[in-house]
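Trainee: have a look at this fold, sequence not included:
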């Protein structure tokens, strides 16, 4: 299972789980792309993850308690879901995206999701976390009438990729 951490420092322990770039990108694709199956994650990876790397990262994310794997019956595909610990990685992703916006150049179209989450603040992040809990954990959203954050984020991201104006 898990090897003993190098130290009991909480930063070290978080880095040992989340410090692998592929792990964070797999979590990103599950959170933002709603990719739940191996093939979707493999073919949808903008960074071109290799199948053996993806398999190893999914296994590690399940072992560390960030994902669950629903075993598939014959003829079906296994589905991956975020755990509560996995949902709570979202604010870390937002912080990483905000840092990247401030300190790294990149394709403007690919920056839109990070900009929306940064500018939307804790309210948008909280709504999105509630939606992830509903989708992955079956927990009803506190305000089912609230606008869906995922739709807002996904719509702006897809419009940016098509070079369309973003609706406010």
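Mentor: Sure thing, it's come through. Keep in mind that what you see is a predicted model, and the values were worked out from it rather than measured.

Trainee: check the offset of stretch 21-35 from the chain's centre.
Mentor: 4 Å (Cα atoms, centre = their mean, to the nearest Å).

Trainee: what's it in contact with?
Mentor: 17-18, 36, 40-41, 44-45, 47, 49, 53-54, 57-58, 60-61, 66-67, 80, 82, 86, 89-90, 93, 96, 113, 132, 135, 150, 153-154, 157 (Cβ atoms under 8 Å, 6 or more residues apart in numbering). Yep, even glycine has a C-beta here, placed from its N, CA and C like the rest.

Trainee: ok, residue 97 - contacts?
Mentor: Residue 97 touches 113-114, 117-118, counting by Cβ under 8 Å, 6+ apart.

Trainee: correction: residue 115
Mentor: By Cβ under 8 Å, 6+ apart, the neighbours of residue 115 are residue 101.

Trainee: Three-state assignment for it, please.
Mentor: Assigned by DSSP: H, G, I helix; E, B strand; the rest coil, the conformation of residue 115 is helix.

Trainee: any idea which element the residue lying farthest from the centre of the chain lies in?
Mentor: Computed with Cα atoms, centre = their mean, the maximum C-alpha offset from the centroid of the chain is found at residue 74, amounting to 28.0 Å. Under the criterion DSSP states H and E, no helix or strand holds residue 74.

Trainee: which helix or which strand is home to the residue nearest to the spatial centre of the chain?
Mentor: In the chain, the C-alpha closest to the average C-alpha coordinate belongs to residue 28, at a distance of 2.7 Å (Cα atoms, centre = their mean). In this assignment (DSSP H and E), residue 28 forms part of helix 21-33.

Trainee: so for residue 154, what's the nearest residue that isn't a sequence neighbour?
Mentor: Closest residue in space to residue 154, ignoring its immediate chain neighbours: residue 32 at 7.3 Å, by Cβ to Cβ, 6 or more residues apart in numbering.

Trainee: could you tell me how many residues sit around the one you found?
Mentor: 18 (other Cβ atoms under 10 Å).
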